[in-house]
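Enquirer: okay, here's the prediction I keep looking at, along with the sequence it came from:
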Amino acid sequence: MDFYNIKTKVVGVDISSDRTTYAIVDIRGNILAKEMFDTSKYPDVNDFVSVLSERIVKLIEANGGYESVRSVGVSAPSANSINGYIEHASNLPWKGSIPMAVMLRERIGLAVGLSNDAHISALGEHAFGMAHGMRNFVTISLGVGIGSCFFSEGKEHHGNFGFAGEFGHTCVEDRGRLCGCGHRGCLETYAAAKGIVMTAQEMMTALDEPSLLRSLDKLSPRTIAECCDQGDNMAIEVYRRTGYMLGMGLANYASIVDPEAIILTGGISHAGKWLFDPTKHSFEEHIFGNMRGKVKLLVSELDDDERDVLGASVLAWSVPEYSLFL
Ligand SMILES: [Zn+2]
């Protein structure tokens, strides 16, 4: 091997329902160039892949060219790292099973690795965030849905079919709220964005007391947290109930996995103490006694966008380098 031809950069891509971010990242995790565009502008996946590939090739050419770029890592919802497909993603514009890794590889001409956003978050947190140096930990992403990933003995656990960590679809309330997955009582229906809004709506209907929530133009996890900041009792109670459910779910998770830490990520983790304190309280209440007070419950300090691009870059380093002769 020619020593001087060692490639020192990869491309990290994060495909989300609202936007797609792609970046050139060096071996130390420095983002050298980053761009993004609106995912929902491309209802046809072939158009999306063409545009994304062209943009990535341009970014590679503007940042040292193919000589220095080794491979591509991609994060997407409902992505299966075993076969490289995005499978029936409920919040992306494209239906069915999409062979995203192969489609991108053919157009870009580099090796492409694909994994789901929850796993990518964990890779980013492990390489560059709070889980650095940990061998057993869990990351939880709290947003439109609830994803998770856990590392066991230093390696991420994918499961037999590639679906490990579907924490949002574990049952916390028998015959509870109807979930998008078709079941009832999934954690997601209480502790993800729509669930928090539903709790607020239910409380406004059930109770007579005045609340700032009643005057909001738009109920969202963020606006509800803003009402908490102003001392609104009903808003605080919405997050207390949310934290109770989340903490109970996390205690179940910890009791099975026995992690050093659980790291909360995603938009809803930014609700601060209004969510964190009741979650921690419920977590310690429900966790198996021998683990009580030992498992760290943490909130990620990485920027949400950057973590996924960085995590995708970690994945990129792990895929075998592309060769026409492989
Ligand atoms: Zn569900």
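Expert: Structure's in. What do you need?
Enquirer: quick one: average confidence on stretch 163-179?
Expert: Averaged across stretch 163-179, pLDDT comes to 93.
Enquirer: does the ion sit close to it?
Expert: Yes - judged by CB under 5 Å from the ion, stretch 163-179 and the ion are in contact via H169, C179. Yep, even glycine has a C-beta here, placed from its N, CA and C like the rest.
Enquirer: can you list phi and psi of L114 for me?
Expert: Main-chain dihedrals, L114, degrees, to the nearest 10: phi -130, psi 140.
Enquirer: give me the number of residues near it?
Expert: Using other CB atoms under 10 Å, L114 has 30 neighbouring residues.
Enquirer: now do the same contact list for it.
Expert: G73, V74, A76, A79, N80, S81, G84, Y85, I86, M100, A101, L315 (CB atoms under 8 Å, 6 or more residues apart in numbering).
Enquirer: what helices or strands is whichever strand or helix holds T20 leaning on?
Expert: Following DSSP states H and E, one finds T20 within strand 19-26. Strand 19-26 is packed against strand 9-15, strand 31-38, helix 45-62, helix 304-318, with contacts defined by 3 or more CB pairs under 8 Å, 6 or more residues apart in numbering; DSSP states H and E.
Enquirer: go again using 6 Å as the cut-off
Expert: In this structure, strand 19-26 packs against strand 9-15, strand 31-38, helix 304-318, with contacts taken as 3 or more CB pairs under 6 Å, 6 or more residues apart in numbering; DSSP states H and E.
Enquirer: export those to TSV and tack on mean neighbour count and mean pLDDT?
Expert: Shown next, in TSV, are the helices and strands packed on strand 19-26 (neighbours: other CB atoms under 10 Å; pLDDT from 0 to 100):
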stretch	mean neighbour count	mean pLDDT
strand 9-15	26	97
strand 31-38	14	96
helix 304-318	24	92
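Enquirer: can you redo those as JSON lines with distance to G289?
Expert: Output for those, formatted as JSON lines (distance: least, CB to CB, whole Å):
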{"stretch": "strand 9-15", "distance to G289": "40"}
{"stretch": "strand 31-38", "distance to G289": "44"}
{"stretch": "helix 304-318", "distance to G289": "33"}
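Enquirer: would CSV of the ones you listed with distance to the ion be doable?
Expert: Output for the helices and strands packed on strand 19-26, formatted as CSV (distance: least, CB to the ion, whole Å):
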stretch, distance to the ion
strand 9-15, 22
strand 31-38, 28
helix 304-318, 23
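Enquirer: so which residue is smack in the middle of the chain?
Expert: Nearest to the centroid of the C-alpha atoms of the chain, with distances taken as CA atoms, centre = their mean, sits A118, at 4.0 Å.
Enquirer: and it, its phi and psi?
Expert: With angles defined as degrees, to the nearest 10, A118 sits at phi -70, psi -40.
Enquirer: list phi and psi for the residue nearest to T223 when sequence neighbours are not counted.
Expert: In this structure, T223 finds its nearest non-sequential neighbour in L216, 5.2 Å apart by CB to CB, 6 or more residues apart in numbering. Main-chain torsions, L216, degrees, to the nearest 10: phi -70, psi 140.
Enquirer: residue boundaries of the strands in the chain?
Expert: Remark: strands assigned in the chain by DSSP state E are 9-15, 19-26, 31-38, 69-76, 79-80, 85-87, 97-98, 111-116, 137-142, 146-152, 155-156, 261-265, 296-299.
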